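>>> Sequence unavailable; structure follows:
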Ligand SMILES: C[S@@+](CC[C@H](N)C(=O)[O-])C[C@H]1O[C@@H](n2cnc3c(N)ncnc32)[C@H](O)[C@@H]1O
């Protein structure tokens, strides 16, 4: 009896509730929170992104030569910071961006950032370090040719490949 009631309730809910990203987000919050509580003592937490970068560069990478690829550069805050803390002369820092702003509107739980936001009129930020290069265009169009052109892979260059995944706080 219980099982039938449960099945019927689920059927009903699936018909009346919208297929919504917001609902999915809310539904997963408790699991995320209990994961956080369970693991909180087991990993380092950094209130500022720059503290995380410092930690990764000095503690994990030992300031050795890296290939740093950043997807979404805007004015180059992170890119420039990385070039400032990793002083190895053989390191290279690549910033991928259109420099024409978001190609599509970014919707998140509490708001949105419109298409075109972060537009720099196609001009990459002036970063005065010869190890830094910008690759202009959409990631999905520039990454493949970049790899074919430079042959940069972690194995062939015998240096570490550092990927940063930027998660903007919302
Ligand atoms: C939030 S900003 C990046 C901020 C930067 N990481 C920092 O440290 O300050 C996002 C950037 O991603 C770029 N962008 C988003 N989607 C892109 C895509 N598919 N191809 C190229 N650039 C993209 C936008 O032009 C924008 O400059």
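Perfect, I can see it now. As the structure is a computational prediction, the values presented were derived from the model and not from experiment. Residues are numbered from 1 along each chain as shown.

>>> pLDDT weak spots in this protein?
Counting by pLDDT under 70, the chain has low-confidence residues at 1, 152-170.

>>> Near the ligand, which residues of this structure? Just list them.
72-74, 77-78, 97-98, 101-103, 118, 138-139, 166, 168 (CB under 6 Å from any ligand atom). Backbone N, C-alpha and C define where each C-beta goes, glycine included.

>>> Now with 8 Å, please.
Contact residues, the chain versus the ligand (CB under 8 Å from any ligand atom): 49, 70-79, 81, 96-104, 106, 113, 117-120, 137-142, 164, 166, 168.

>>> Can you say which of those are buried?
For those, a neighbour count by 16 or more other CB atoms under 10 Å gives the buried set as 70-74, 76, 78-79, 96-102, 120, 139, 142, 164.

>>> Count the neighbours of residue 40 for me.
Taking other CB atoms under 10 Å as the neighbour definition, residue 40 ends up with a count of 9.

>>> The one 4 residues further on too?
By the other CB under 10 Å criterion, the neighbourhood of residue 44 contains 9 residues.

>>> Please list all residues in contact with it.
Contact analysis of residue 44 by CB atoms under 8 Å, 6 or more residues apart in numbering lists residue 55.

>>> gap between it and residue 77?
Using CB to CB, to the nearest Å, one gets 21 Å for the distance from residue 44 to residue 77.

>>> ditto for residue 15
Following CB to CB, the distance that separates residue 15 from residue 77 is 47 Å.

>>> and what of residue 69?
Spatial separation of residue 69 from residue 77 under the definition CB to CB is 16 Å.

>>> Does residue 91 touch residue 66 like I think?
Yes. The pair residue 91 and residue 66 qualifies as a contact (CB atoms under 8 Å) at a distance of 4.9 Å.

>>> How far off centre is the longest helix along the chain?
Longest helix of the chain, by residue count under DSSP state H: helix 21-39. Using CA atoms, centre = their mean, to the nearest Å, we find the averaged C-alpha position of helix 21-39 to lie 20 Å away from the chain's own average C-alpha position.

>>> Likewise for stretch 50-65?
Offset of stretch 50-65 from its chain centre (CA atoms, centre = their mean): 17 Å.

>>> repeat for stretch 36-51
Between the mean C-alpha location of stretch 36-51 and the chain-wide mean there is a distance of 17 Å, by CA atoms, centre = their mean.
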